[in-house]
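>>> with the sequence up front, the predicted model follows.
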Amino acid sequence: MNSDNHDGSPHNHHSQPHQQRRPRGFAAAAMGISTITTTINTSPRGGRNEREKEKERTKLRERHRRAITSRMLAGLRQYGNFPLPARADMNDVLAALAREAGWTVEADGTTFRQSTPSSKLGVYPGRSVESPVSSSSLKSYSVKTSLDFPSSVLRIDESPSPASLDSVVVPGIGTTECEKYSTSPINSHDCLETDQLIQEGQIVDQGLNFLGTAYVPVYVMLGTGLINKFCQLIDREAVRKELRLLKSLHVDGVFVECWWGIIEAQGPQKYCWSGYRELFNIIHEFELKLQVGLAFHEYGGNDSISIPLPQWVVEIGKENKDIFFTDREGRRNTECLSWGIDKERVLKGRTAAEVYFDVMRSFRTEFDDMFVEGLITGVEIGLGANGELKYPSFSEKMGWRYPGIGEFQCYDKYMQQNLVKSSSLRGQTFWGRGPENCGDYNSSPQETGFFCEHGDYGSHYGRFFLQWYSQFLIDHANTILSLATLAFEEIQILVKIPAVYWWYRSKSHAAELTAGYYNPDNHDGYSRLFKVLKKHSVAVKFVCPGSNLNLSSKENHDPEGLTWQVLNSAWEEGLCVAGENVFPCFDREVLMRLLETAKPSNDPDRHHFVFFNYKPPFPILPLLDTTLCFSELDQFVRCMHGENVGTEM
């Protein structure tokens, strides 16, 4: 059967040469010709080559269209505050525009206006439009009152559109075509006046109105170098000055990391808390709340401060290198202990889980008075590198650079033994190994056989391995949190979730896979984990990207898409969600985006963060002494508290 016969009728391929379709209209004008009648190469090889070239050109055009559409939709979500679903199509955009203009849009697309607007100035839900209600009268409303308005003001179709984002084509419009439609009655009864449109646009550009929104407590993270390796507070007066400044900003409290490498440095089960006790007492003097992070990883920041794991653990690691995470080349990562020894008695007769529990129990006993007084409001349990629940798959000390996909960290003997056992139980003993075609730390997905489109990640073996790899992460969280709930009964426990947003738009989500989150296009990598976290009643603290800093020119990063998925998945499981900024800064635009993430204005269920941990640039004192930085942070805190109008930002 001739594959070139498009009309379905019988056709002899060699008896009648097929003529190329004649370009018409704009296409012909662009080519500078009026008529073209050429004969396509009728040889099978020539036709096949031409079809392959045309396929490649079509793919390039589609990628370009997708990129343009994606940027437009991201801009509408961020700056226009449009409630668009994750995979929006043009129907969703038109429906949002119609709703914002005051029309009612039914689920089947029926659009109508219920009543004639009484004023030419349109009121746009979720936008900062001037209201006849005075600022003083708004302040008299309680936060609860402001949240009791009916949610039907803005109707949102929460079901994702069946049409994929990939199918959206946005045609360009020339100047001539625009002028052709310039006779539309802009001053008609249902349209805004031109000057009113300009006024509304200026208000939107200035920012969102957070007055009367939910109260989100703000905890500022204190610097790491306050306590030295002997667990001594270094500069008391500097701490007091910093806390005095933070107190003047009306922050709710501070966040302090307690480092395992300092606490248990003297030997197994020899704990020292003296420096932290002194620091906590000063915080108590200023009547600030306190959140504590138990950091079971090493610290090696860019500020010349280094806090390794306890020396006695390092000595064990010299004899038994398999206590550390290991990559395919056998390189050991000493940032934290491998999850393979959670239940292995290799730490002076104790398992890693028992070691963590003993530290937690010692902390709870040492500061019992502060727990009773309510000074300590939450404890974050470090579950991996950087305190985040993730494999150390993209560690800079191992040579990783953004936006590399990272490497799997499962080649220590304890995890390998578990993999072999799992493959045997599955009846596929030859699956008891890690993938061999997954590139290196700085590869891109398309450079590998495992992560590329239609790669081995979707094969039977690939699905088995990724399921096992992610389940190991979930089991680690379940084991440690079971012990944490025993140590901190009735105290809020926090778990930090990373934002692995690069390669999020690729099919495989390669960077998430190596970090332990089995989240390709056809699989939800967060819901199973969040079900386990819900069982322990912990709060999820998501590391919010907040900005486009450190993003490459590639099309595959998507911090907004990842944020939307993680937050909604956690809220659907009924978890409390908090936030932390990944990039320390005082930048106005970044702070505004963090506010929009913490308080999504178009969420019909009125979800919001239960608190926010703000990470400032360090050292914070010289920066806060400047009027500009102080003002930016002051506005940010007040907006988080729902006390201030965002237009001042």
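Happy to help now that I have it. Numbers count the residues shown, from 1 in each chain.
>>> which stretches of the stretch 251-400 of the chain form strands?
Along the stretch 251-400 of the chain, the stretches classed as strands by DSSP state E, counting those that start in this stretch are 253-259, 289-295, 299-300, 306-307, 324-326, 332-337, 376-381.
>>> parallel or antiparallel, list what pairs with the fifth one.
When you say that, I think you mean strand 324-326. strand 332-337 (antiparallel) (DSSP bridges).
>>> now swap in the first one and tell me
Take DSSP bridges as the rule and strand 253-259 pairs in its sheet with strand 218-221 (parallel), strand 289-295 (parallel).
>>> Pro545 is nearest to which of the ones you listed?
Proximity to Pro545 (C-beta to C-beta) singles out strand 218-221 among the strands paired with strand 253-259, at 16.9 Å. C-betas here are computed from N, CA, C, even on glycine.
>>> how far away from the center of its chain is the closest one?
19 Å (C-alpha atoms, centre = their mean, to the nearest Å).
>>> distance between the next helix or strand after that strand and the chain's centre?
Moving toward the C-terminus from strand 218-221, the next helix or strand (DSSP states H and E) is helix 236-248. Relative to the chain's own centre, helix 236-248 is displaced by 32 Å; criterion: C-alpha atoms, centre = their mean.
>>> for helix 236-248, what is the average pLDDT?
The pLDDT scores in helix 236-248 average 93.
>>> ditto for stretch 536-553
76.
>>> swap in stretch 354-370?
97.
>>> re earlier: tell me the most buried of the strands paired with strand 253-259?
Among those, the stretch with the highest mean neighbour count (mean count of other C-beta atoms under 10 Å) is strand 218-221, at a mean of 23.
>>> point out the most buried one among the strands of the stretch 251-400 of the chain.
strand 324-326 (a mean of 25).
>>> any idea which of the strands of the stretch 251-400 of the chain has the lowest pLDDT on average?
strand 299-300 (a mean of 86).
>>> make TSV from the strands paired with strand 253-259 and add distance to Lys531 to it.
Below are these laid out as TSV (distance: least, C-beta to C-beta, whole Å):
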stretch	distance to Lys531
strand 218-221	27
strand 289-295	24
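>>> which one, of the strands of the stretch 251-400 of the chain, ends up nearest to Leu594?
strand 253-259 (15.5 Å).
>>> quick one, that closest one and helix 236-248 angle?
Per axes from the mean of the first three to the mean of the last three C-alpha atoms, to 10 degrees, the angle that strand 253-259 makes with helix 236-248 is 140 degrees.
>>> what are the contacting residues of strand 253-259?
The set of residues external to strand 253-259 that reach it, using C-beta atoms under 8 Å, 6 or more residues apart in numbering, is 217, 219-222, 224, 226-227, 243, 246, 273, 276, 279-280, 283, 288-295, 299, 307, 363, 377, 380, 387, 613.
>>> cool, stretch 324-338 as well?
296-298, 308-309, 313-314, 317, 321-323, 352, 382, 384-386, 391-392, 395, 397-398, 407-412, 414-415, 434, 436, 438.
>>> before we move on, what about stretch 346-358?
By C-beta under 8 Å, 6+ apart, stretch 346-358 touches 268-269, 294, 296, 312-313, 316, 320, 323, 337, 339, 341-345, 381, 479-480, 483-484, 486-487.
>>> go on, stretch 385-393?
257, 293, 295, 297, 325, 333, 335-336, 380, 383-384, 395, 398, 400, 406-410, 473, 476-477, 495-498, 500, 511, 514-517, 529, 543.
>>> cross those residues against helices and list the overlap.
The helices, defined by DSSP state H, take in 473, 476-477, 511, 514-515, 529 from the contacts of stretch 385-393.
>>> going by distance to Leu73, which of those wins?
Nearest to Leu73 among the ones in helices among the contacts of stretch 385-393, with distances taken as C-beta to C-beta, is Ala511, at 22.3 Å.
>>> hey, where'd the helices end up in the stretch 401-550 of the chain?
Taking DSSP state H, counting those that start in this stretch, the helices of the stretch 401-550 of the chain run over residues 413-425, 460-487, 510-515, 527-535.
>>> buried set for the last one?
So the one you mean is helix 527-535. 528-530, 532-533 (16 or more other C-beta atoms under 10 Å).
>>> ditto for the first one
Of the residues in helix 413-425, those with enough neighbours to count as buried (16+ other C-beta under 10 Å) are 414-416, 418-419, 422-423.
>>> could you say what helices and strands it packs with?
Where contact means 3 or more C-beta pairs under 8 Å, 6 or more residues apart in numbering; DSSP states H and E, helix 413-425 is packed against helix 460-487.
>>> kindly calculate the angle that the helix it packs on makes with strand 376-381.
150 degrees.
>>> distance from the chain centre to helix 460-487, please.
20 Å.
>>> what comes up buried for that helix?
For helix 460-487, using 16+ other C-beta under 10 Å, the buried residues are 461-462, 464-466, 468-470, 472-474, 476-477, 479-481, 483-485, 487.
>>> tell me the average confidence for it?
97.
>>> go on, stretch 386-402?
95.
>>> got the end-to-end distance for that stretch?
Start and end residues of stretch 386-402 are separated by 16 Å (C-alpha to C-alpha, to the nearest Å).
>>> give me the neighbour count for the nearest residue to Gly404 once chain neighbours are set aside.
Closest residue in space to Gly404, ignoring its immediate chain neighbours: Asn442 at 3.7 Å, by C-beta to C-beta, 6 or more residues apart in numbering. By the criterion of other C-beta atoms under 10 Å, Asn442 has 16 neighbours.
>>> hmm, back to that, kindly reformat the helices of the stretch 401-550 of the chain as TSV and extend each row with distance to Glu572.
Below are those laid out as TSV (distance: least, C-beta to C-beta, whole Å):
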stretch	distance to Glu572
helix 413-425	29
helix 460-487	17
helix 510-515	19
helix 527-535	8
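>>> quick one: closest of the ones you listed to Asp235.
Nearest of those (C-beta to C-beta): helix 460-487, 31.1 Å.
>>> elements contacting the closest one?
helix 352-366, strand 376-381, helix 413-425, strand 492-497, helix 527-535.
>>> select, out of these, the one closest to Leu591.
That would be strand 492-497 among the helices and strands packed on helix 460-487, by C-beta to C-beta, at 20.4 Å.
>>> returning to what we had before: out of the helices of the stretch 401-550 of the chain, which gets nearest to Leu562?
Among those, helix 510-515 sits nearest to Leu562 (C-beta to C-beta), with 8.2 Å.
>>> from the chain's centroid, how far away is stretch 329-344?
On C-alpha atoms, centre = their mean, the centre of stretch 329-344 falls 26 Å from that of its chain.
>>> begin at 530 from here
Understood, numbering begins at 530; the last thing we discussed is stretch 858-873.
>>> on that earlier part again, could you dump the helices and strands packed on helix 989-1016 to a markdown table with distance to His779?
Shown next, in a markdown table, are the helices and strands packed on helix 989-1016 (distance: least, C-beta to C-beta, whole Å):
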| stretch | distance to His779 |
| --- | --- |
| helix 881-895 | 28 |
| strand 905-910 | 16 |
| helix 942-954 | 47 |
| strand 1021-1026 | 22 |
| helix 1056-1064 | 31 |
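>>> neighbours around the residue lying closest to Glu864 once chain neighbours are set aside, how many?
Distance criterion C-beta to C-beta, 6+ apart; nearest residue to Glu864, sequence neighbours excluded, is Ala914 at 4.6 Å. Neighbour count for Ala914, taken as other C-beta under 10 Å: 23.
>>> now Ala914: how far from His826?
6 Å (C-beta to C-beta, to the nearest Å).
>>> got it, and Glu583?
53 Å.
>>> ok, the two, which is more surrounded?
Each of Glu583 and His826 has its neighbours counted (other C-beta under 10 Å); His826 has more, 24 against 10.
>>> was I right to think the more buried one contacts Gly913?
Yes: counting by C-beta atoms under 8 Å, Gly913 is a contact partner of His826 at 7.1 Å.
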